[in-house]
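Peer 1: The following block contains a protein sequence and its predicted model.
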Amino acid sequence: MKRFFHIETVYAHCDIPCGIYDARPSEIAAETVLKMVQKIQEIAGSEEYKAGDPTATSNFIRCVLVKEEHARKCKEEILILWTDFFKPEDLEKYPDLHNKIWKTAKMLSKEKQEVNLENTKQLVADVRSIGEMVKSVQEARSKK
């Protein structure tokens, strides 16, 4: 049937097969989460925040909101890559792909629950690692 209708396989990040995938949005979102965790810790340790200064409190809340939003964005981007970009044949090169993405998605859920600098640094490293997988797969597909 494929030969008769000349059906080609297409890849996309949405239901319209545009074929555009980029891991960078997830990496930027993860880096933003890291920056917000650092700022939250800095503000929480400040004398102004401890004294109940409204500006410090407002800045603290804004950082928490940005951290939450970017953790959500990062998770969404990672899951799009997992469900739409990666294909079964990619598991041959990256047999731990499913586990890596699943753990990263779980870490992103945890990011919304706590402020832990070491965990967030690990998250950034894991998201970058997934980004390297994406680049590698894209290079291999472009050679076909």
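Peer 2: It's in.
Peer 1: Could you pull up the mean pLDDT of the helix or strand where Glu48 lies?
Peer 2: If you go by DSSP states H and E, Glu48 is part of helix 47-50. For helix 47-50, the mean per-residue pLDDT is 98.
Peer 1: same check, this time on stretch 59-76
Peer 2: Averaged across stretch 59-76, pLDDT comes to 97.
Peer 1: What are the buried residues along it?
Peer 2: Buried residues in stretch 59-76, counted by 16 or more other C-beta atoms under 10 Å: Asn59, Phe60, Cys63, Val64, Val66, Lys67, His70, Ala71, Arg72, Lys73, Cys74, Lys75. Where C-beta positions appear, they are placed from N, C-alpha and C, glycine not excepted.
Peer 1: How about stretch 102-111?
Peer 2: Buried positions in stretch 102-111, judged by neighbour count with 16+ other C-beta under 10 Å: Thr104, Ala105, Met107, Leu108, Glu111.
Peer 1: about what we covered before: counting by contacts, list what the helix holding Glu48 packs against.
Peer 2: Using 3 or more C-beta pairs under 8 Å, 6 or more residues apart in numbering; DSSP states H and E, the elements in contact with helix 47-50 are helix 54-80.
Peer 1: next helix or strand past the helix it packs on?
Peer 2: helix 90-93.
Peer 1: Just the CA trace of that following helix, in PDB.
Peer 2: In PDB, the C-alpha atoms belonging to helix 90-93 read as follows (Å, rounded to 0.1, in the frame of the first residue of the first chain):
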ATOM      1  CA  ASP A  90      16.200   5.200  18.500                       C
ATOM      2  CA  LEU A  91      16.100   2.800  21.500                       C
ATOM      3  CA  GLU A  92      18.800   0.700  19.800                       C
ATOM      4  CA  LYS A  93      21.300   3.500  20.200                       C
END
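Peer 1: Quick check: next helix or strand after it?
Peer 2: Following helix 90-93 in sequence order, the next helix or strand is helix 97-111 (DSSP H and E).
Peer 1: which helices and strands does that following helix pack with?
Peer 2: When contacts are defined as 3+ C-beta pairs under 8 Å, 6+ apart, helix 97-111 sits against helix 54-80, helix 90-93, helix 117-142.
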